[in-house]
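Visitor: What shape does this take:
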Amino acid sequence: MMKKTFAVPGEVVLDDLLAGFPHASAVLDEGFKIVTLNRLFEALTGYGHDVAVGVYADFILRSNMGNSRGQVFQRVLETGETVISEGDIINRSRKKVLVRFTISLVHTRKGQQARGLLLVVEDISALQATIQTTLYRDWTTDIIGHSPKMQAVFEIMPLMARTEASILITGETGTGKDKIAETIHRNSPRGKYQFIKINCGALPPDLLESELFGHVKGAFTGAVRDKPGMFKLADRGTIFLTEIGDMPLPLQVKLLSVLDDRAFYPVGGERKETVDVRVIAATHRSLREQVERGAFREDLFYRLNVLHIHLPPLRERDGDIRFLLDYFLKDYANRLGKEVQTFSADALDLLLKYHFPGNIRELRNIVEYCANVCRCTTIDRDDLPRYLFDRSAESPIVASPPAVSRRNERPATAVGAAGGVRAGGENWPAVEREMILQALKASRGNRSKAAGMLGWGRTTLWRKIIQHGLG
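Guide: Sure, this is the predicted structure:
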């Protein structure tokens, strides 16, 4: 078989050159027909050398790279810039193969006219399959963090997902401990089974025991049937015990038994239930201090603290506040169908100086408040909750808000309805209810005016009045 070269004396033999390439490669002439190709190209496409040479490359590759009528090839030929893109091809066996294309210009000699293109096609199907199955694939789907401390958390999470050991997650309220726990579960071998979350501080001891371990019919007044507990429902999955530091001591003994034996008795039951459950616990308290005070069992502490993640407070996450502000603003603007896009320099300056004692939860509530009350495309300082300006607040911010909005002259009471709310205090529903009351008061009960002051439609205001029991 004759070896191919461009028709210029002294040129490199192309067949010999391509034979050394580690990926499927071909040379195209100025008309985008295949001049020659290597054996890897033959294997990838299923077309032999004798069939492919002289045929337009698109007929052999049949790809979705966007090269309609040779547009990509023509651009490389005209500009001389290398193009790298990903897509797929359909080979001769009608099998779809994920590939990465690299298209470069070929000259005969430096400074002379272009003679064609070098096309390298890298099979990345195996790489993509690895990415789709790796435990690291979506750690940051629901978790935003670019600071070094959060990157350290992300680095350790894949290792924790691969193990079966118990995990203790610590951190202040609102730092996202539940998100971390759920992400570890979702990326673990147990990810296709249940993720059950229980707040150990939200229920009385007797009810918490029943919720965790279930009960049998007649175990207590009102137990009219057998009820499986959350441990049973989480079988083969993960149970997340948040605020584990609030669990009563008698239940700590039973939990320790479950961790050791993977078995328990339901409330009032005589038959032992066996489960295969991974336990992830979380707390904002110092369990070591509670152990010293006798409020938490030392043996349970060490049983839970096999693996440990500490989530830093938002004030220690350099640069993350700005990312979170932009992320939640975009999210709430989409939900509310509003055109608010960004923060003014003054508003942003105040927010970046604020310490956010309620961490991400508080930041999210602040952004939701701003997105609701803002009537323009930019959130200004008078759109911020009034407690951010309170001299008695824990934040170092001491500026006073304007009494009246400079942009739309609406009463300060309408936009500052959160005036009585303190950091880490009432949640958004309480703030929203107060906003509605203030707007109705300022408009003397005129719902159309009140809706306009709040930046809502009359129907939205009516629905929220009903929702908050103000009708």
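
Visitor: What score does residue 372 have for pLDDT?
Guide: Model confidence at residue 372, given as pLDDT, is 92.

Visitor: Give the phi and psi angles for residue 76, as a check.
Guide: With angles defined as degrees, to the nearest 10, residue 76 sits at phi -60, psi -40.

Visitor: neighbours around it, how many?
Guide: Residue 76 is surrounded by 21 other residues when neighbours are defined as other CB atoms under 10 Å. (Glycine included, C-beta is placed from N, CA and C.)

Visitor: now the helices for the stretch 301-450 of the chain?
Guide: Listed in chain order, the helices found in the stretch 301-450 of the chain under DSSP state H, counting those that start in this stretch are 320-336, 345-353, 359-373, 412-415, 428-442, 447-454.

Visitor: Residue 269: which of these is closest?
Guide: helix 359-373 (38.0 Å; CB to CB).

Visitor: and that closest one, what does it pack onto?
Guide: Helix 359-373 sits against helix 320-336, helix 428-442, with contacts defined as 3 or more CB pairs under 8 Å, 6 or more residues apart in numbering; DSSP states H and E.

Visitor: Just put those in CSV and tack on distance to residue 107, mean neighbour count and mean pLDDT.
Guide: As requested, the helices and strands packed on helix 359-373 are arranged in CSV below (distance: least, CB to CB, whole Å; neighbours: other CB atoms under 10 Å; pLDDT from 0 to 100):
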stretch, distance to residue 107, mean neighbour count, mean pLDDT
helix 320-336, 45, 17, 89
helix 428-442, 64, 19, 77
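
Visitor: returning to that earlier point: distance to residue 20 added to the helices of the stretch 301-450 of the chain, as a markdown table?
Guide: Written out in a markdown table, the entries for those read as follows (distance: least, CB to CB, whole Å):
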| stretch | distance to residue 20 |
| --- | --- |
| helix 320-336 | 45 |
| helix 345-353 | 55 |
| helix 359-373 | 53 |
| helix 412-415 | 70 |
| helix 428-442 | 64 |
| helix 447-454 | 70 |
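
Visitor: quick one: which of those is nearest residue 236?
Guide: The stretch from those with the least distance to residue 236 (CB to CB) is helix 359-373; that distance is 30.7 Å.

Visitor: ok and the closest one relative to helix 428-442, angle-wise?
Guide: 30 degrees (axes from the mean of the first three to the mean of the last three CA atoms, to 10 degrees).

Visitor: and residue 243, how many residues sit next to it?
Guide: For residue 243, the count of nearby residues is 18 (other CB under 10 Å).

Visitor: How about the secondary structure of the residue nearest to it when sequence neighbours are not counted?
Guide: For residue 243, the nearest residue in space outside its immediate sequence neighbours is residue 201; the separation is 4.1 Å by CB to CB, 6 or more residues apart in numbering. Each residue gets one of three states, and residue 201 gets coil by DSSP: H, G, I helix; E, B strand; the rest coil.

Visitor: can you count the residues close to residue 201?
Guide: 13.

Visitor: so who does it touch?
Guide: Neighbouring residues of residue 201 by CB atoms under 8 Å, 6 or more residues apart in numbering: 243, 245-247.

Visitor: low-confidence ranges in this structure?
Guide: 1-13, 108-114, 126-142, 390-428, 455, 459, 471 (pLDDT under 70).

Visitor: Give me the residues contacting whichever strand in it runs longest.
Guide: Scanning the chain for the longest strand, with DSSP state E as the assignment, gives strand 96-107. Residues external to strand 96-107 that are found in contact with it (CB under 8 Å, 6+ apart): 6, 27, 44, 63, 65, 72-73, 76-77, 80, 82-91, 113-125, 128.

Visitor: which parts of that strand are buried?
Guide: Buried positions in strand 96-107, judged by neighbour count with 16 or more other CB atoms under 10 Å: 97-101, 103, 105-106.

Visitor: Which ones among the contacts of strand 96-107 map onto strands?
Guide: Here DSSP E is the test, and the contacts of strand 96-107 give 27, 83-90, 114-123 as lying in strands.

Visitor: Out of these, which end up buried?
Guide: Applying 16+ other CB under 10 Å to the ones in strands among the contacts of strand 96-107, the neighbour count classes 27, 83, 87-89, 115-123 as buried.

Visitor: Relative to the whole chain's centre, how far out is stretch 375-394?
Guide: Its chain's average C-alpha position is 27 Å from that of stretch 375-394, according to CA atoms, centre = their mean, to the nearest Å.

Visitor: can I get the CA coordinates of that stretch in CSV?
Guide: Listed in CSV are the C-alpha atoms of stretch 375-394, where the atom choice follows Å, rounded to 0.1, in the frame of the first residue of the first chain:
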residue,chain,number,x,y,z
ARG,A,375,-39.4,46.4,43.2
CYS,A,376,-36.4,47.1,41.0
THR,A,377,-33.7,45.0,39.4
THR,A,378,-31.2,45.9,42.1
ILE,A,379,-31.5,45.3,45.8
ASP,A,380,-30.6,48.5,47.6
ARG,A,381,-29.9,49.0,51.3
ASP,A,382,-33.5,50.0,52.1
ASP,A,383,-34.6,46.6,50.8
LEU,A,384,-32.7,44.9,53.6
PRO,A,385,-34.3,43.7,56.8
ARG,A,386,-34.2,46.4,59.4
TYR,A,387,-32.6,44.3,62.1
LEU,A,388,-29.3,44.5,60.0
PHE,A,389,-29.2,48.2,61.0
ASP,A,390,-30.1,47.8,64.6
ARG,A,391,-27.4,49.1,66.9
SER,A,392,-28.3,46.4,69.5
ALA,A,393,-27.9,43.6,67.0
GLU,A,394,-24.9,41.3,67.3
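
Visitor: ok, residue 466 - how many residues close by?
Guide: Using other CB under 10 Å as the criterion, the residues surrounding residue 466 number 10.

Visitor: need the contact list for residue 462.
Guide: Remark: with contacts taken as CB under 8 Å, 6+ apart, residue 462 is in contact with residue 447.

Visitor: ok so, going back, going by distance to residue 334, which of the buried residues of strand 96-107 wins?
Guide: residue 98 (31.3 Å).
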